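Participant: Fold the following.
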Amino acid sequence: QVQPVESGGGLVQAGESLLLSCATSGLTFGDHGMGWFRRAPGKDREFVATISAPGDRTYVADSVKDRCTISRDNTKNTVYLQMTNLKPEDTAVYYCAVARYNVGTSYPGNYDYWGQGTQVTVSS
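Facilitator: Numbers count the residues shown, from 1 in each chain. All right, here's what the predicted structure looks like:
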C-alpha cells in the first residue's frame, strides 16, 4: 500500500522557517514525480511545488517562488519542502502527493496518492 507521510509542520512566527518532509513507502519512489499542495481554511487546495523523479526539474508556484524550495532524497524515499520567511497567509494543511508519472504538474489529477497532511500555522 502506497502511503506518503508528512511531518515537520507546526506553529511558527512570521519570518521564521520550516522544513516539511514526506516519506513514502510501497512503491519505487525514484520512478515518480512528487508534489506539495496546501489547503488554507475556507479555500480550495492550492499547488505549491513539484519535483521530477530524478530531482533535476522543479516547478514552484509563483505565490511562494521566492520562499519555497522543493528537493528529494531518493535513497531515503523522501521529498522535502523548505519554506522561509513564512507569512500568516501560508497557514494551511500541507499535503504531499505521488505523481502518476516521472514528472509532476500543478494539476491535482496527475497525482495518485496523497498523505494525510501536516498543519502549518504562522502567527503574526
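
Participant: any idea how far residue 52 is from residue 31?
Facilitator: Using Cβ to Cβ, to the nearest Å, one obtains 11 Å as the distance from residue 52 to residue 31. Every C-beta, even on glycine, is put in place using the N, C-alpha and C of the backbone.

Participant: Please identify which of those two sits among more neighbours.
Facilitator: Applying other Cβ atoms under 10 Å to residue 52 and residue 31 shows that residue 52 carries more neighbours, namely 18 against 13.

Participant: and residue 18, what does it touch?
Facilitator: Contacts for residue 18 (Cβ atoms under 8 Å, 6 or more residues apart in numbering) come out as 8, 9, 10, 12, 82, 83, 86, 120.

Participant: Could you tell me which residues touch both of residue 52 and residue 31?
Facilitator: With Cβ under 8 Å, 6+ apart as the test, residue 52 and residue 31 both reach residue 102.

Participant: Now that you've got the contacts of residue 18, can you turn the buried subset into something I can paste into PyMOL?
Facilitator: In PyMOL syntax, the buried subset of the contacts of residue 18 is picked out as below (16 or more other Cβ atoms under 10 Å):
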select buried, resi 8+9+12+83+86+120
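
Participant: Dump the contacts of residue 18 into JSON lines; add secondary structure as well.
Facilitator: What follows is these, written out as JSON lines (DSSP: H, G, I helix; E, B strand; the rest coil):
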{"residue": "8", "secondary structure": "coil"}
{"residue": "9", "secondary structure": "coil"}
{"residue": "10", "secondary structure": "strand"}
{"residue": "12", "secondary structure": "strand"}
{"residue": "82", "secondary structure": "strand"}
{"residue": "83", "secondary structure": "strand"}
{"residue": "86", "secondary structure": "coil"}
{"residue": "120", "secondary structure": "strand"}
